[in-house]
Structures are given as structure tokens and as C-alpha cells.
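>>> Pasting the sequence and the predicted model now:
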Amino acid sequence: MSAVGIVAAAGSGLRLGADRPKALVPLGGRPLVAWAVATLLDGGVDEVVVAVPAADRDAFAAVLPDGVRLVEGGATRTASVRAALAAVPREGAAVLVHDAARPLTPPAVVARVLDALRAGAPAVVPVLPVVDTTVAVDAGGTVTAAPDRATLRRVQTPQGFSRRVLVEAYDALPDGVELTDDAAVVRAAGVPVGTVAGDERAAKVTVAHDLALAELQVAGIPGPS
Ligand SMILES: Nc1ccn([C@@H]2O[C@H](COP(=O)(O)OP(=O)(O)OP(=O)(O)O)[C@@H](O)[C@H]2O)c(=O)n1
Ligand SMILES: C[C@](O)(CO)[C@H](O)COP(=O)(O)O
């Protein structure tokens with residue numbers, strides 16, 4: 001089964017607060033986006049499309065391997081993935097959508113997602129258990145519910161889909177509706193989403209502390225797995 005990877009890399013990284021778009025911030029001397037692309041290719045994806053900020057296209061091209069396709073991202077993650085999906089070749093049977101912000105995702109996670117798609121799943125996401133007691137709160141911060149954490153999972157990327165399923169789900173999503181991940185887009189279209197094991201090393205770099213932890217991981221101090 002041929003597979004195309006999409007990397008959402010068009011965010012600005014406000015919460016990280018770096019001097020450049022987050023995907024271009026170096027980790028172990030290599031920009032986050034380059035780690036994310038390499039993980040997809042190492043895990044078995046055939047080609048990659050990256051959504052980048054329009055103003056920084058040249059800077060992204062300079063740090064990515066030849067053959068990686070760049071498209072102009074949008075104002076939100078949903079818009080960026082939508083733009084990249086339009087550039088995915090029709091021959092691709094599967095599409096894996098990944099975040100540049102998850103640079104140290106082991107290729108084995110990519111392989112698990114691909115295996116599930118090959119086994120016939122229309123949509124699959126890597127997940128981790130929730131280890132803290134987790135609550136819902138109202139607007140004032142008062143706890144309103146404490147869902148059974150055994151039923152909860154933390155969702156990572158790359159998220160894998162049959163290309164047709166993902167294209168049809170994005171086509172059905174009204175413009176202006178923003179969802180936090182691609183599994184939510186296909187669920188909105190009524191598609192069941194399966195899960196495979198994620199990995200703590202696939203943590204999202206959101207704030208400076210996350211980048212410091214990722215640097216430790218690269219330096220060889222094992223992350224929690
Ligand atoms: N308009 C956007 C916004 C986000 N992303 C991508 O979606 C992934 C997850 O987003 P997040 O980590 O929240 O990144 P930012 O939106 O850049 O961060 P912030 O909210 O702190 O600005 C990132 O790889 C980011 O580049 C994107 O492609 N296009
Ligand atoms: C897609 C994602 O990484 C799944 O956990 C996450 O939802 C993206 O985070 P964001 O902060 O909502 O962009």
C-alpha cells in the first residue's frame with residue numbers, strides 16, 4: 001500500500017516564543033520539521049508534503065530533502081492540513097498526517113499506523129494512557145465531572161487514513177470549522193477511528209520546557225517509554 005505523509009508545519013509557535021516559526025527551531029542541530037519528515041520516511045511512508053508558512057518557504061526548502069513537496073499552510077492547523085491534502089497525489093492509498101511539533105516520534109509508531117491501515121482500518125491514531133486523574137470543569141474552574149480515566153487516551157500523531165476517507169471527510173467539513181486533529185474530522189463524517197500504541201517520545205513540543213526535554217532525549221538520556 002503506497003502512503004503519503006503530510007507534515008503540518010505552518011504554525012508560528014507562539015507558546016514556544018522562539019525567534020522563528022516553531023518547525024524551524026533546531027533540536028540537536030536539526031530543525032523540528034526535518035526530524036518529522038525523516039521519521040515518516042524511516043517508518044515507511046513513500047513521499048511527504050509539508051504545509052509551511054508562506055513567508056518562510058525558502059527557509060523550509062533549504063532544510064528539507066529533495067523531493068519533499070511544500071505547500072502554503074493556512075491560518076489554522078485544519079486549514080494547513082486541508083491545503084496539504086489537496087497536493088497529495090491521487091495514487092496514494094494511505095495518508096499519514098503528522099505534526100512538525102512531534103519531532104522525536106519513533107519510526108516504529110509510523111510503522112504501527114501503516115500496519116493498521118494495511119489490515120483494513122479506515123482511520124487509526126496512536127494513543128497513550130492517561131495516568132493522572134482527569135476532570136472536566138465549568139467556565140469558573142469548578143469540577144463538573146471526573147471521567148473514568150481507563151476510558152481516556154492521549155492522542156498523538158501521525159494519524160493514518162485511507163486517502164479516500166480523509167479527502168471525503170475534509171470535503172464534508174464546512175469551511176471555518178476548526179478541529180484539533182484529523183481523527184476528529186473523519187469522526188465528524190461518521191468514520192470509526194481505531195487506535196495503536198503511541199510512544200512517550202512522540203511528545204509535542206509546545207513550550208520551552210518541552211524543547212529542553214527533547215534536547216535531553218537527543219543527547220541520549222532516555223525518555224519515559
Ligand atoms: N496554522 C497552523 C497552525 C499549526 N500548524 C501545525 O500544527 C502542529 C500542531 O500545532 P501546535 O503545536 O499548536 O503549533 P503552533 O500552532 O505553531 O503553536 P502555538 O499555538 O503555540 O502558536 C504544528 O506542527 C504546527 O506547525 C499548522 O500547520 N498550521
Ligand atoms: C494533532 C495533535 O497533535 C493531537 O494531539 C494536537 O491536537 C495538536 O495540538 P494543537 O495545540 O491543538 O494544535
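Thanks, I have it. Ligands and ions are numbered 1, 2, ... in the order given.
>>> and residue 98, that's in a strand?
Yes. Residue 98: assigned to a strand according to DSSP: H, G, I helix; E, B strand; the rest coil.
>>> who does it bridge with?
Note on residue 98: beta-bridge partners by DSSP bridges are residue 7.
>>> What score does it have for pLDDT?
The model reports residue 98 with a pLDDT of 98.
>>> Okay, it and residue 173: tell me how far apart.
19 Å (CB to CB, to the nearest Å). All C-beta atoms are positioned from the backbone trio N, CA, C, and that covers glycine.
>>> if you count what's nearby, which of those two comes out ahead?
A side-by-side neighbour count of residue 98 and residue 173, using other CB atoms under 10 Å, places residue 98 first with 31 against 18.
>>> give me every residue that touches that one.
5, 6, 7, 8, 36, 39, 40, 105, 157, 158, 159 (CB atoms under 8 Å, 6 or more residues apart in numbering).
>>> Check the fourth one and give its pLDDT.
Among the per-residue scores, residue 8 shows a pLDDT of 98.
>>> Spell out which residues of this structure are next to ligand 1.
8-15, 22-23, 51, 73-77, 80, 99-101, 204, 206 (CB under 6 Å from any ligand atom).
>>> Among those residues, which lie within helices?
77, 80 (DSSP state H).
>>> Among the residues of the chain next to ligand 1, which are located in strands?
In this view, the residues of the chain next to ligand 1 that belong to strands under DSSP state E are 8, 51, 99.
>>> for the first one, what are its contacts?
Taking CB under 8 Å, 6+ apart, we find residue 8 in contact with 51, 73, 77, 80, 81, 84, 97, 98, 99, 100.
>>> Count the neighbours of the closest residue to the second one other than its chain neighbours for me.
Across the structure, with CB to CB, 6 or more residues apart in numbering as the measure, the residue nearest residue 73 apart from its sequence neighbours is residue 10 (2.3 Å). Using other CB under 10 Å, residue 10 has 28 other residues around it.
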